[in-house]
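# Whatever this is, show me its structure:
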Amino acid sequence: MLIFRQLFDQQSSTYTYLLADSDTREAVLIDPVFEQARRDAALLEELRLRLLYTIDTHVHADHVTGAWLLKKHTGSKIAISAASGAEGADHYVSHGDTIAFGARHLQVRATPGHTNGCVSLVLDDGSMAFTGDCLLIRGTGRTDFQSGNPHALFRAVHEQLFSLPDTCLLYPAHDYRGLTVTSVDEERRFNPRLGGELCEEDFAVYMTNLGLPHPRQIDVAVPANMKCGVAASDPSQKPLPEWAPLTYTFAGIWEIHPQWLEEHLQAVQIIDVREPDEYEGPLGRIPEAKLISLGNLAKRTAELGKERPIVTVCRAGGRSAQATVILRQAGFEEVANLAGGMLRWRAEGRVVENGSL
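Alright, predicted model coming up:
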């Protein structure tokens with residue numbers, strides 16, 4: 001069975017696609033974003049997947065690829081078109097090549113026009129294709145920089161994408177209106193730039209007169225992406241916390257494991273966000289834990305210092321996860337949630353006060 005996830009970066013309106021073989025747990029990631037590498041790695045970890053390749057459909061101008069970061073963190077290989085001119089990839093692909101993951105594979109189709117090195121990726125059974133910036137939902141990629149060519153793009157779409165089965169689902173690298181998927185039949189009939197009866201010359205004139213501004217990140221993104229992201233330097237990509245061995249979840253929460261916490265009780269502030277009857281109840285409480293119920297936390301953050309990290313705890317880890325969000329919004333940087341809460345703490349036989357189970 002195929003595992004499939006469509007992920008989104010709000011800043012650049014970029015879609016990243018995760019595909020994996022459920023039997024072998026081997027995966028590929030299409031068009032990863034630098035700032036979202038931590039998120040992507042967390043999802044791979046939670047789904048127990050082994051990332052074989054990151055695949056960029058082209059040298060992006062609107063965001064820096066996460067390919068190099070993911071290679072650094074997961075050991076994955078970087079794949080990109082041989083025609084892209086990018087340096088530092090492990091695998092350069094050309095038209096007709098395949099990229100395998102488990103028993104599944106993606107077929108590479110050259111679809112130049114947005115850039116010289118654009119490719120689209122077609123799943124082995126023809127049920128879905130990933131079109132990068134070549135074909136968008138009721139639109140196309142622009143053709144006015146990076147050796148773009150409207151004639152080449154028109155032919156690429158008609159020969160390589162519109163030749164796929166009508167029912168083939170098309171997933172673009174971007175959408176700016178919240179649309180997520182289209183199909184070959186829809187775009188062949190309704191795409192206002194090159195669908196219906198529009199000819200190549202119609203498309204060329206349309207694209208020549210778009211008058212779009214250059215992407216805001218082009219001066220940073222293109223040089224970095226020509227090195228597969230290795231040159232990226234982005235202040236929004238914060239370093240890993242060093243005060244404890246934390247785990248980052250796909251939900252965006254930093255978690256701490258019970259064993260480390262039990263061994264370092266004096267080094268942190270433990271905030272129990274349960275209700276008072278739970279705090280005094282049979283599950284007990286962690287020594288040194290301070291009771292501040294979740295509903296009161298936002299109003300009582302002034303009671304907490306910033307000289308020591310904060311660990312939040314509740315019954316099972318749900319309320320305390322929300323507590324970390326509240327604390328970060330209040331300006332506390334060193335915050336983590338106790339994974340599994342008091343249920344896990346007690347199941348592992350950790351030290352408690354006032355417990356009766």
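
# show me what contacts Gly246?
No, residue 246 isn't Gly; it's Leu. By Cβ atoms under 8 Å, 6 or more residues apart in numbering, the contact set of Leu246 is 240, 254-256, 336. For glycine as for every other residue, the C-beta is placed from the backbone atoms N, C-alpha and C.

# Return the members of these classed as buried.
When the contacts of Leu246 are checked for burial by 16 or more other Cβ atoms under 10 Å, the buried set is 254-256, 336.

# Return the closest of these with respect to Ala27.
Closest approach to Ala27 among the buried ones among the contacts of Leu246 (Cβ to Cβ): Glu255, at 22.4 Å.

# Tell me where the protein has helices.
In the chain, the helices defined using DSSP state H lie at 37-46, 67-74, 150-156, 184-190, 200-208, 218-225, 258-263, 276-279, 294-297, 318-329, 341-347.

# Buried ones in the longest one, by neighbour count?
Meaning helix 318-329. For helix 318-329, the buried set under the neighbour-count rule, 16+ other Cβ under 10 Å, comprises 319-324, 326-328.

# Run through the residues that contact the nearest residue to His60 once chain neighbours are set aside.
Using Cβ to Cβ, 6 or more residues apart in numbering and skipping the chain neighbours, the partner closest in space to His60 is Asn225 (5.4 Å). Asn225 sits next to 56, 59-61, 64-65, 86 when contact means Cβ under 8 Å, 6+ apart.

# So, low pLDDT: which residues of the chain?
Judged by pLDDT under 70, the chain has its weakly predicted residues at 231-238, 355-357.

# Domain ranges for it, per the record?
Listed by automatic domain parsing, the domain ranges of the chain are 2-225, 247-347.

# Distance check, Ala173 against Ala129.
Taking Cβ to Cβ, to the nearest Å as the measure, Ala173 falls 12 Å from Ala129.

# and if you look at Asp9?
To Ala129, Asp9 is 21 Å away according to Cβ to Cβ.

# Of the two, which one has the most company?
Counted by other Cβ atoms under 10 Å, Asp9 and Ala129 do not tie: Ala129 has more neighbours, with 27 against 20.

# and the closest residue to that one other than its chain neighbours, how many neighbours?
Leaving aside its sequence neighbours, Ala129 sits nearest to Val122 (Cβ to Cβ, 6+ apart; 4.5 Å). Val122: 23 surrounding residues under other Cβ under 10 Å.

# will you turn the contacts of Leu246 into CSV that also has distance to Asp90?
Below are those laid out as CSV (distance: Cβ to Cβ, whole Å):
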residue, distance to Asp90
Leu240, 24
Trp254, 31
Glu255, 32
Ile256, 35
Ala336, 34
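
# From these, pick the one nearest Leu179.
Leu179 lies nearest to Trp254 out of these, by Cβ to Cβ, at 32.5 Å.

# so Gln6 touches Tyr17, yeah?
Yes. In terms of Cβ atoms under 8 Å, Gln6 counts as a neighbour of Tyr17; the distance is 5.9 Å.

# who touches both of those two?
Overlap of the contact sets of Gln6 and Tyr17 (by Cβ under 8 Å, 6+ apart) consists of Tyr171.

# how close does Gly317 get to Glu278?
Look at Gly317 and Glu278: by Cβ to Cβ, they are 14 Å apart.

# try Arg308
Taking Cβ to Cβ, one finds Arg308 at 24 Å from Glu278.

# Equivalent analysis for His105, please.
For His105, the distance to Glu278 - Cβ to Cβ - is 52 Å.

# what's the answer for Glu333, then?
Between Glu333 and Glu278 the distance is 28 Å, computed by Cβ to Cβ.

# Neighbour count: the two, which is higher?
Legend: neighbour count by other Cβ under 10 Å for Glu333 and Glu278, higher for Glu278 (19 against 12).

# and the closest residue to that one other than its chain neighbours, what does it touch?
Spatial nearest neighbour of Glu278, excluding adjacent residues (Cβ to Cβ, 6+ apart): Arg315 at 6.4 Å. Counting by Cβ under 8 Å, 6+ apart, Arg315 makes contact with 274, 278, 283, 341-343.

# Next: Ala41.
Ala41 touches 70, 73-74, 248, counting by Cβ under 8 Å, 6+ apart.

# Most neighbours among the contacts of Asn225, which one?
Neighbour-wise, those (other Cβ under 10 Å) top out at Thr65, 30 neighbours.
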